[in-house]
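Trainee: Return atomic coordinates for the entry below.
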Amino acid sequence: MAGPHSHAKKIVTTFGAGLACAYLAPTAEGAIVSFTPSPQTKPFNASLVCNNVQFGGAGTVLACNDFIGKSIYNGNLAGFRAAPASNTITANQSFFTKIAKAPAASGTETFAFKTGIGQLGWFRVNWGGPGGAVTYIEGAYNTAPGGAIHSGGGAVPEPASLTLLGLAALAAGARGLKRRRENRA
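Mentor: Numbers count the residues shown, from 1 in each chain. Next up, the predicted model:
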């Protein structure tokens with residue numbers, strides 16, 4: 001028969017394992033940094049003038065909005081790709097140096113980007129229609145180079161993080177099952 005000290009030791013051990021797993025899981029991911037692009041709006045300009053748009057600490061893009069079209073060039077970012085909301089953005093996907101739309105482009109789209117050091121992120125843009133301003137709505141990036149992120153959301157847990165969280169849940173569940181059986185006896 002177990003004494004009060006062994007019961008307390010089991011609780012502390014199970015709780016400690018769960019805390020350790022919960023502590024380790026977030027450190028396997030990078031920090032997700034949200035940003036509001038600056039300037040947020042690129043008005044239509046009849047002359048061929050492109051300007052930088054700052055994507056927080058991730059870098060800058062070169063944005064154009066004129067009679068040739070609505071374009072975003074990589075600036076000091078490595079590239080872009082289409083990324084519908086809630087898609088997972090990973091480092092092994094193809095990225096391109098330019099997003100080009102017709103002068104009459106309208107609607108809102110979400111794109112992924114990759115920085116020069118391999119950080120992944122996303123941004124949402126509204127094209128504004130014919131003669132309208134292009135508006136950069138929001139964005140975020142993962143500070144861990146190569147760390148996946150959901151477009152329009154946060155980080156994707158790495159497989160190791162999911163394993164640690166799963167083990168913590170199993171440990172807590174097994175301890176609860178064992179305690180239940182002990183109480184019946």
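Trainee: what about the strands in the chain?
Mentor: Using DSSP state E, the strands of the chain run over 32-35, 41-42, 50-54, 60-66, 69-73, 77-82, 88-89, 98-101, 108-115, 120-126, 134-142, 149-150.
Trainee: Is it possible to get CSV of those strands that adds mean pLDDT?
Mentor: Formatted as CSV, the strands of the chain follow (pLDDT from 0 to 100):
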stretch, mean pLDDT
strand 32-35, 95
strand 41-42, 94
strand 50-54, 95
strand 60-66, 95
strand 69-73, 96
strand 77-82, 94
strand 88-89, 95
strand 98-101, 96
strand 108-115, 96
strand 120-126, 96
strand 134-142, 96
strand 149-150, 94
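Trainee: Pick the most deeply packed of these.
Mentor: Highest mean neighbour count of these: strand 120-126, a mean of 24 (counted as mean count of other CB atoms under 10 Å). Heads up, the C-betas are built off the backbone N, CA and C, glycines and all.
Trainee: picking that back up, mind putting the strands of the chain into TSV with distance to residue 185?
Mentor: Below are the strands of the chain laid out as TSV (distance: least, CB to CB, whole Å):
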stretch	distance to residue 185
strand 32-35	48
strand 41-42	70
strand 50-54	66
strand 60-66	67
strand 69-73	68
strand 77-82	59
strand 88-89	47
strand 98-101	67
strand 108-115	56
strand 120-126	53
strand 134-142	50
strand 149-150	47
